[in-house]
Every structure is written in C-alpha cells, then in structure tokens.
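Trainee: one predicted model, sequence on top.
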Amino acid sequence: MNKKWMVLLLGLVSVCCLWVGVAWAGGWAVLTLESWPEHVVAGEPFTVRYALRQHGNHLISGVEGKVTVVHAETGERLQFAVTDTGNTGYYEAALHLPVAGEWRWHIDSFGRFEMPPLMVQTGTAVPTVAAPVTLLAKPTSFSWVLGLMGVVVMGTAVVLWRRQQTRFAPVAALLGITLCLAGFVVTPVVGTGASEAATPPTAELGEILFVAKGCASCHQHDGVAYNGIRTYMGPDLTDHQVGPEFLRLWLRDPAQVRPQTLMPNLELSDGEIEALIVFLRGNGETGVASKTN
C-alpha cells in the first residue's frame, strides 16, 4: 500500500473516531413528549412538556430550548420559550396558536426534534362525551342495598296495612317502590359509560407517538418519514413482528424484561402503549407523521 492510500485510510479512521468520541461525549439526546397535545383549539393556550435524555437514557437539566411552529397554509411563524420545570430532565413550553389549521413544529433543545403536525381546531371548547345512563342494567352492590331497603320498607307497609295503620301504610309503600326502582332499575352500572366512551387505539395515533415519544431517534421504521436526529441505536422496527403481550411488557418497563437494556422507561400510559402496539403490529403504513417542516 503506497503512502497516499495509507494517509487516506488513516484520515478516514481519525474522522470516524472523532465522530464516535463527540457522540458519546454528549453530542446527542432523545426528546420524549409527556403527552401528545390532542384537541388543540385556536386562541386557547396549552402546555407542551417533554423529557430530555442524553444518549437516550440519562435525564439532563439546564438545557436551553425553544419551540418553533409554522402555519402550513399562511406561513406564519411563531416561537415560544422553553423553561426548566425544576424536575431533572423535564421541560415545558406554553403555546398559543391564533388560527385553526395545520401547524408544523419542532423543538430545539440539545438538537432539533421534528414533531408530527398539530391540527388546530376552530371553536372555544372540545365537547366531551357524557357517559350514558344505563337503564335496566345489572345492579351493583350499592344498587342492591337500595333495592333491598325498598323491599324491607314495602314489607313494613304491608304490616302497617294489615294492622289498619292506613295513615302510614301508603307513605311506606310509596317510599319502598321508589327505593326498589332506584336500586334495581334506574341506577347506572359504574364504569359502563366510561368503557363505551373510551377512544380505541389507532395506528395513526401510534405513528404520531412513535415520533413524539422519541422512538424514531433510535429506531428505523420505513412507515415513518422522520427528518430529526437519528442514531440507529435500536433495531429496525419496520417488520419487527413480536407478540402484543411482549410489546406490552416491554413498553411498560423495558428493564423489567431485559435488565441490561439501554432503552429507558418512557412512562407511557396504557392508551399510548396500545396505540404503539397497533402501529407496530400493522407495519404502520399510515403516513401521518411524515409531514414535517
């Protein structure tokens, strides 16, 4: 090997070593949104909170940051300051988007972190779905108590009637009937309304969370067009087919499954875990998170 090729080879090795050294000396981090800001309404303030982990694992504080948002149609550009919450590695920013439509945004904090677009709604409030009252439902323990009290009171009314206490018997009978109706007919089943009103997890939400929670910083997924920081520290998840039960355990607390793992506990909610499972199990061909500025 001549001197020219030797110098070139040594130069390439030096550059690689320098890049690795800079990276592991503190050159990259992973940002995880605390929760995805759904139901954002034009003109109403909301707060974005996130955690920042050096090398994807260790929470770090004292990092300056800002949130930049750009309206997709008008090009209006706004910036919001990020403040340290006081809890190690956790930050927040108060946002206020004046008009409805699609806003593209990113967070600058130890790097530039692209986020999926925010869809801002028109209006002053997001209607909530009231839990339906279930008639003729299966009685709960509380409703059983009411019903049985009604039976006892009705029995008392019969005794009073037989003893010709006609002044009090109708009152007792009416009270007993009311308690029976309240206990066995009208009282709703606790929890039924909440389960019916719950939003089922979707692949679209799972794809959004794949970016917002920082998964795309360490994992490749061909279903997500992500332009932010990439380290490829984790496996390619494009066709990573594992069972939902394993994914559920892994996403809830990776260290419980594999103590030596570098992946931290992202403190995902049950709903976020289920949405990520739907996305990963379905290969995530939705294209929702691909629109970045």
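Mentor: Received the coordinates, thanks.
Trainee: helices along the stretch 101-250 of the chain, start to end?
Mentor: 141-162, 169-181, 192-197, 203-212, 215-218, 244-252 (DSSP state H, counting those that start in this stretch).
Trainee: tell me which helix or strand comes right after the last one.
Mentor: In other words, helix 244-252. The first helix or strand that comes after helix 244-252 along the chain, using DSSP states H and E, is helix 254-257.
Trainee: from what I can see Gly123 touches Val41, true?
Mentor: Yes. Contact criterion Cβ atoms under 8 Å: Gly123 and Val41 qualify, at 5.7 Å. Every C-beta, even on glycine, is put in place using the N, C-alpha and C of the backbone.
Trainee: adding distance to Glu34, write the helices of the stretch 101-250 of the chain out as a markdown table.
Mentor: Shown next, in a markdown table, are the helices of the stretch 101-250 of the chain (distance: least, Cβ to Cβ, whole Å):
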| stretch | distance to Glu34 |
| --- | --- |
| helix 141-162 | 36 |
| helix 169-181 | 46 |
| helix 192-197 | 23 |
| helix 203-212 | 10 |
| helix 215-218 | 15 |
| helix 244-252 | 16 |
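Trainee: could you tell me the least trusted of those helices?
Mentor: Out of the helices of the stretch 101-250 of the chain, helix 192-197 stands lowest, with a mean of 42 (criterion: mean pLDDT).
Trainee: tell me which of Gly123 and Val41 has more neighbours.
Mentor: A count of neighbours by other Cβ atoms under 10 Å puts Val41 above the other of Gly123 and Val41, at 16 against 12.
Trainee: hmm, the more buried one is touching Gln121, no?
Mentor: Yes. Contact criterion Cβ under 8 Å: Val41 and Gln121 qualify, at 5.3 Å.
Trainee: where's Gln121 relative to Trp103, distance?
Mentor: 11 Å (Cβ to Cβ, to the nearest Å).
Trainee: more neighbours: these two, which one.
Mentor: Neighbours per residue (other Cβ under 10 Å) separate Gln121 from Trp103, with Trp103 holding more: 23 against 15.
Trainee: doesn't Val30 belong to a strand?
Mentor: Yes. Judged by DSSP: H, G, I helix; E, B strand; the rest coil, Val30 forms part of a strand.
Trainee: what bridges to it?
Mentor: Arg53 (DSSP bridges).
Trainee: which ones are touching it?
Mentor: 52-53, 55-56, 214, 217-218, 229 (Cβ atoms under 8 Å, 6 or more residues apart in numbering).
Trainee: over to Val120?
Mentor: Per Cβ under 8 Å, 6+ apart, neighbours of Val120: 40-42, 97, 99-103.
Trainee: hmm, try it at 10 Å
Mentor: 37, 39-44, 46, 69, 71, 97-103 (Cβ atoms under 10 Å, 6 or more residues apart in numbering).
Trainee: touching, Gly243 and Arg281? I think so.
Mentor: Yes. Here Gly243 reaches Arg281: they are 9.0 Å apart, a contact under Cβ atoms under 10 Å.
Trainee: those two: which has the busier surroundings?
Mentor: Arg281 (16 against 10).
Trainee: ok, that one touching Pro244?
Mentor: Yes. Using Cβ under 10 Å, Arg281 is in contact with Pro244, at 6.4 Å.
Trainee: and Tyr50, what element?
Mentor: Counting by DSSP H and E, Tyr50 is found in strand 46-54.
Trainee: common neighbours of Val41 and Gln121, please.
Mentor: Ala100.
Trainee: coming back round to it: are there residues contacting both of Gly123 and Val41? Which ones?
Mentor: Counting by Cβ under 10 Å, 6+ apart, the residues touching both Gly123 and Val41 are Ala100.
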